Every structure is written in structure tokens, then in C-alpha cells.
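Colleague: coordinates only, sequence not included:
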């Protein structure tokens with residue numbers, strides 16, 4: 001079976017609470033304590049219910065809690081055979097300000113124990129389909145220049161390099177699909 005046939009991108013539910021918190025813990029145990037791209041700040045929440053309430057505020061512009069942020073949709077990348085949570089993808093409804101330059105439509109991460117297996121590329125491909133359903137025809141995806149594996153995943157998923165920009169002492173690469 002091909003990898004793209006064994007994966008699914010689904011919206012999280014409260015039934016996913018234990019899996020999501022185990023996913024979070026794996027990042028913390030790996031020393032990745034400051035960021036989990038695409039998780040809408042999951043690393044900051046010790047309780048699933050608090051994170052759940054927070055992501056609900058991002059479903060409409062009127063309730064987005066941070067000025068300058070936009071509505072977004074959270075998805076879980078799962079393996080069909082065993083239901084294991086492999087990654088998280090956040091799709092931002094539109095680009096404004098900083099997002100148009102450095103953030104893009106997608107933010108995503110794959111759990112540390114499941115990296116370098118092609119899951120990121122497939123998550124992007126599945127995300128493109130979800131983005132089209134949301135009404136996004138052209139997707140901007142960015143990554144830090146030093147994140148070579150992310151850049152490779154973006155290109156393998158069809159990303160076309162546009163440019164590189166300086167942002168907060170780092171270089172950000174911008175790709176369109």
C-alpha cells in the first residue's frame with residue numbers, strides 16, 4: 001500500500017484528547033518545548049480542554065483572540081491502519097500582514113518519532129485538498145531556510161520556490177502550490 005493511501009487528515013474531536021496530549025508530550029520529551037508548528041500553541045496547554053476551547057476561538061474572525069491573526073482550521077494526520085496521530089496541520093483561511101510574508105496558509109508538524117518517513121509531504125498534499133474545500137486555490141507555504149527537510153517536503157508536494165525573506169534574524173523561504 002502506498003503511503004498516501006494509508007493516511008487521512010481529519011478535524012480533531014474531543015475523542016482525540018489522549019492522543020493529542022501524548023503527541024504534545026512526545027515533543028516536550030524530545031526537548032522541543034517552544035513550538036509545535038500547526039498546533040495552534042498546543043505546547044502551551046497542559047490540559048486538553050483548555051487547548052480545545054482555544055482552537056474553537058479561531059473558527060470565526062469575530063472570535064479570534066489575537067489581533068492580526070486570522071481564522072484557521074486544525075487537522076490531525078492519522079494513519080488509517082492503527083489510528084496513530086502522526087502530525088498536525090493548521091490551515092489559515094487568508095493571508096494578512098505578517099502571514100503574507102512569512103507565515104503562509106499552512107503550519108504543520110510531524111511527531112519526532114515519525115519524521116523522515118514521507119508523512120510531511122503527504123500531509124501537505126492532503127492539506128491542499130482541504131484548502132480547496134475551504135476556498136483557497138493557491139497556497140503559500142513557508143519554512144526557515146535551515147529547515148531543509150521541510151523545504152524538501154514542500155517541493156515534493158508541488159511547491160514552487162518564490163523567494164527568501166529576512167524575518168527576525170532568520171531567512172524564510174516562500175513556496176506556492
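Modeller: Looks like it arrived, so ask away. This one's a predicted model, so the numbers in the text were calculated from it and none came from an experiment.
Colleague: Mind listing residues that contact the helix ranked longest in the chain?
Modeller: Using DSSP state H to define each element, the chain has its longest helix at helix 119-134. Residues outside helix 119-134 that contact it (CB atoms under 8 Å, 6 or more residues apart in numbering): 3-4, 7-9, 73, 75, 77, 86-87, 89, 91, 93, 105-106, 108, 110, 139, 141, 149-150, 153-154, 156-159, 177. For glycine as for every other residue, the C-beta is placed from the backbone atoms N, C-alpha and C.
Colleague: For it, buried residues please.
Modeller: 119, 120, 121, 122, 123, 124, 125, 126, 127, 128, 130, 131 (16 or more other CB atoms under 10 Å).
Colleague: what's the answer for stretch 90-105, then?
Modeller: 90, 91, 92, 93, 95, 99, 102, 103, 104, 105.
Colleague: Show the end-to-end separation of it, please.
Modeller: 8 Å (CA to CA, to the nearest Å).
Colleague: and that stretch, what's its mean pLDDT?
Modeller: Stretch 90-105 comes out with an average pLDDT of 89.
Colleague: for the chain, what are the low-confidence residue spans?
Modeller: For the chain, the stretches with pLDDT under 70 are 1-4.
Colleague: Next, residue 175: phi, psi?
Modeller: phi -130, psi 150 (degrees, to the nearest 10).
Colleague: burial count for the closest residue to it other than its chain neighbours?
Modeller: Excluding the flanking residues, the one nearest residue 175 by CB to CB, 6 or more residues apart in numbering is residue 159, at 3.4 Å. By the measure other CB atoms under 10 Å, the count of residues near residue 159 is 25.
Colleague: pretty sure residue 159 is touching residue 141, no?
Modeller: Yes. Under the criterion of CB atoms under 8 Å, residue 159 makes contact with residue 141 at 5.8 Å.
Colleague: what is in contact with these two at once?
Modeller: Residues touching both residue 159 and residue 141 (CB under 8 Å, 6+ apart) are 124, 175, 176, 177.
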